[in-house]
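S.K.: Output the structure for:
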Amino acid sequence: MSSAATYAPRPGSAPWPRKVLAHTRMEFKLLVRNGEQLLLALVIPLGLLLLLGGTGLGERLPLGSGRPIDEAVPRVLALAILSSSFTSLAIATGFERRYGVIKRLGASPLSRTGLLAGKIGAVLIVEVIQLVVLIGTGFALGWKPIGGFEAVFGVVLTVLCGTAAFASLGLLMAGVLRAEATLAAANLLYLLLLVGGAIMTPVDEYPAGLQGVVRLLPSAALANGIANSTVEGVIPWAAALSLALWAGVLGYLVSRTFRWD
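M.R.: Numbers count the residues shown, from 1 in each chain. Got it, this is the predicted structure:
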């Protein structure tokens, strides 16, 4: 005769990866429920891609020397990464600090490093959705990327390094400034990088006196890295290294300055 199963409590915290995964799911749900975040993350990049690739506007703009759609797609992908990893993350985190959410989560069993990892994990999920939608739209508009494994690896490498750099910048801003200041500064910097950060325009199109400065910006490394991967079919090691250095410096500043209350 079989004995009845017994269920004994197992005190203790769940493994760290499981806690981070649970927090990532929660952060992702919060992101997709926010209309402003969806507008920045998907609607604006998708609308811009349709405008550049479907109306002929791309032929009249200095996107690069190749076919307009081939130049537009990687640059719109860079804009989407910037929107999610920097602007959306900075604004959401800033208001979570204001309402005390960050402080309360800091007292949970998940470490503060885990909380930040969950936020970045949610951003990565959003970026995967962005890439699928925008790349699919690009193919529908006639996009023809060059290169095989090198192009794919180059895009993935650049996206990961760019996400680390801009997420660190967003967390740095949200962890130091008040929520209202973060909202204004994040949107302003987003517009400045869009116009003057070599996101939609190659560095070579800028005045000669500014090219050296613009080339150092993480936005230029992100956009040029993705463009080099899909237009030239090469792995953009220099752009990835630049973004990794930005991520290291900004990440260190986040660890030293981020305030949880």
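S.K.: who's in contact with the helix or strand hosting residue 18?
M.R.: Using DSSP states H and E, residue 18 maps to helix 16-32. For helix 16-32, contacts defined as CB atoms under 8 Å, 6 or more residues apart in numbering pick out 13-14, 37-38, 41, 88, 92, 109-111, 114-115, 117-119, 121-123, 125-126. Yep, even glycine has a C-beta here, placed from its N, CA and C like the rest.
S.K.: List the buried residues of that helix.
M.R.: Neighbour-count burial for helix 16-32, with 16 or more other CB atoms under 10 Å as criterion, is recorded at 19, 20, 21, 23, 24, 27, 28, 31, 32.
S.K.: I'd like the next helix or strand past that helix.
M.R.: In N-to-C order, the element after helix 16-32 by DSSP H and E is helix 35-38.
S.K.: Mind giving me the packing neighbours of that following helix?
M.R.: Contacts defined by 3 or more CB pairs under 8 Å, 6 or more residues apart in numbering; DSSP states H and E place helix 35-38 against helix 89-98.
S.K.: Run through the stretch 51-200 of the chain and note the low-pLDDT ranges.
M.R.: By pLDDT under 70, the low-scoring segments of the stretch 51-200 of the chain are 57-58, 60, 106.
S.K.: Tell me where it has helices.
M.R.: 68-82, 89-98, 101-106, 112-140, 149-176, 179-196 (DSSP state H, counting those that start in this stretch).
S.K.: Would you reformat those helices as a markdown table and include distance to residue 245 and mean neighbour count?
M.R.: Output for the helices of the stretch 51-200 of the chain, formatted as a markdown table (distance: least, CB to CB, whole Å; neighbours: other CB atoms under 10 Å):
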| stretch | distance to residue 245 | mean neighbour count |
| --- | --- | --- |
| helix 68-82 | 17 | 26 |
| helix 89-98 | 20 | 23 |
| helix 101-106 | 27 | 15 |
| helix 112-140 | 18 | 18 |
| helix 149-176 | 8 | 22 |
| helix 179-196 | 18 | 16 |
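S.K.: Of those helices, which is nearest residue 229?
M.R.: Among these, helix 149-176 comes nearest to residue 229, with 3.1 Å by CB to CB.
S.K.: Could you check how far that closest one is from the centre of its chain?
M.R.: 6 Å (CA atoms, centre = their mean, to the nearest Å).
S.K.: what's it packed up against?
M.R.: Contacts defined by 3+ CB pairs under 8 Å, 6+ apart place helix 149-176 against helix 68-82, helix 89-98, helix 112-140, helix 179-196, helix 218-227, helix 237-257.
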